[in-house]
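Student: What follows is a predicted protein model with its sequence.
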Amino acid sequence: MKEFNQQSEKSFRKILKVVLEYPKLFVKSEISYNEFIWCHAYVITRCYGIGQNQVHLVSFGDFINHSTRGQLNSYMVQLDYEKSQK
């Protein structure tokens, strides 16, 4: 988890650098680390094909596995982290 947090903070700093570089496009006060983490989780849980030649964002993918009768379980997997724990 520590490695994931470090990578997240590194990514956020890169995003923040772009935000500060283009103040006419972005409002710094509207971008927080917590919002970045939420957005990152939203995107990464809808990406399929990580580690393959192509990665696809399936924005409606979460509708496919929902049922009005069933129970939903979701898991977030970070392959680099999982491999490092072996």
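Tutor: In hand now; what should we look at?
Student: tell me the pLDDT at Ser29?
Tutor: Listed pLDDT for Ser29 reads 75.
Student: Would you agree it falls within a strand?
Tutor: No. Assessed with DSSP: H, G, I helix; E, B strand; the rest coil, Ser29 is helix; it does not lie in a strand.
Student: now it: how far from Leu16?
Tutor: With distances taken as Cβ to Cβ, to the nearest Å, Ser29 is found 12 Å from Leu16. Glycine gets a C-beta too; all of them are placed from N, C-alpha and C.
Student: of the two, who's got more company?
Tutor: Neighbour count, other Cβ atoms under 10 Å: between Ser29 and Leu16, Leu16 has more, with 16 against 6.
Student: Okay, and that one sits in which element?
Tutor: Element membership for Leu16 (DSSP states H and E) is helix 2-21.
Student: Contacts for the following helix or strand past that helix, please.
Tutor: Under the assignment DSSP H and E, the closest C-terminal helix or strand after helix 2-21 is helix 33-44. Residues from elsewhere that reach helix 33-44 (Cβ atoms under 8 Å, 6 or more residues apart in numbering): 8-9, 11-12, 15, 57, 76.
Student: Of the residues you listed, which is the most crowded?
Tutor: Comparing the contacts of helix 33-44 on neighbour count, Phe12 comes out first with 17 neighbours (neighbours: other Cβ under 10 Å).
Student: so what's that one up against?
Tutor: 33, 36-37.
Student: Buried among these? Make that a PyMOL selection.
Tutor: To isolate the buried ones among the contacts of Phe12 in PyMOL, judged by 16 or more other Cβ atoms under 10 Å, type:
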select buried, resi 36
